[in-house]
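Colleague: Requesting a structural model of the entry that follows:
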Amino acid sequence: MQGPAWEQDIVFIGDIHRQWRHVAQGLAKAERRPRVAVLLGDMECDQPLDVAAAPLLDAGIKVHWIWGNHDYDGGPEMWTNLVDAGRNPRTRQGELNARVTDIGGLRIAGLGGTFRRRVWEPPGPPQLRSRNDLPADMTRLGPDWTEAQRRSMADALAAMAIWPEDVEALSALRADVLVTHEAPSSHPQGVSALDALARRMGARLVIHGHHHVCYRARAEDGLEVQGVGAGWGIGIDGRPWWPGEADRWLGQDTAGWSHLQG
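Modeller: Presented below is the predicted three-dimensional model:
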């Protein structure tokens, strides 16, 4: 996928899992610095994102982000460190979930989280469509659940699940690139519902994290996917800005996709 030169100034960073040293070391060794960084979830903010992302922000790099399935592992405090605007005046405008942001003329859409059985597990139909459905659903957990446990479950699902309401909101928009935490069907454990979303939006590229592996794939209709490994910085063209952790095994090719690298 080729585009304006400005696109080459965007780095997409895979699951950091608190290991910001990959970012700091990568920036120190890079021949040039990107203008924009897009974080693909699973940062696990044990401190406000503004503080954790200082290697990027202090270098003048604008930060955009989605969340992953581990960004609530530390409970409400970890989640607040990521999403609270008061704690994060420098990155609060960078959230991409369920919206499209123009970055240098490139329309980038975001979808955080992963599919959860209690909400939606494609190819089956959604069990819940909106976060507003959670209070009624929590009453079905059974008498052995305490109110505190119900609230904790509802908060975690509200934060970490891929919600049909977010997918529906994106489906009405147009984008050039869709960034997700969950993988589309180019990955053996991916989900074709994300392929369908990208096509409805007119996106020509999906970039995802979650599986800790770098690869490039193309569908028969030209849709491309870029997987980004843990801590890796990858450009929109698939070229690395810096390495992160060793890639996990990608697995066998999936039907309908040609793997270009990885």
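Colleague: contacts, neighbours, all on C-alpha from now
Modeller: Will do.
Colleague: which regions of this protein lie under the pLDDT threshold?
Modeller: 1-6, 262 (pLDDT under 70).
Colleague: mind listing the helices for it?
Modeller: Secondary structure of the chain (DSSP state H): helices at 21-29, 49-52, 54-57, 75-83, 134-138, 147-160, 164-171, 192-201.
Colleague: Turn those helices into a markdown table, columns for distance to Asp221 and mean neighbour count.
Modeller: Formatted as a markdown table, the helices of the chain follow (distance: least, C-alpha to C-alpha, whole Å; neighbours: other C-alpha atoms under 10 Å):
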| stretch | distance to Asp221 | mean neighbour count |
| --- | --- | --- |
| helix 21-29 | 34 | 16 |
| helix 49-52 | 38 | 21 |
| helix 54-57 | 36 | 18 |
| helix 75-83 | 36 | 20 |
| helix 134-138 | 38 | 14 |
| helix 147-160 | 31 | 16 |
| helix 164-171 | 19 | 17 |
| helix 192-201 | 10 | 18 |
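Colleague: Dump the ones you listed to TSV, plus distance to Glu245.
Modeller: Shown next, in TSV, are the helices of the chain (distance: least, C-alpha to C-alpha, whole Å):
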stretch	distance to Glu245
helix 21-29	8
helix 49-52	18
helix 54-57	18
helix 75-83	23
helix 134-138	37
helix 147-160	24
helix 164-171	31
helix 192-201	26
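Colleague: what about these, which gets the closest to Leu178?
Modeller: Evaluated over the helices of the chain, closeness to Leu178 peaks at helix 192-201, with 6.4 Å, by C-alpha to C-alpha.
Colleague: The closest one packs against which elements?
Modeller: The criterion is 3 or more C-alpha pairs under 8 Å, 6 or more residues apart in numbering; DSSP states H and E, and the helices and strands that helix 192-201 contacts are helix 164-171.
Colleague: which other helices and strands contact the helix it packs on?
Modeller: Using 3+ C-alpha pairs under 8 Å, 6+ apart: helix 164-171 touches strand 106-111, helix 192-201.
Colleague: what residues does the shortest one touch?
Modeller: In this case it means strand 106-111. Strand 106-111 has contacts (C-alpha atoms under 8 Å, 6 or more residues apart in numbering) with 7, 66, 96-102, 162, 166-167, 170, 174-181.
Colleague: Please repeat the previous calculation with a cut-off of 7 Å.
Modeller: Residues from elsewhere that reach strand 106-111 (C-alpha atoms under 7 Å, 6 or more residues apart in numbering): 66, 96-102, 175-180.
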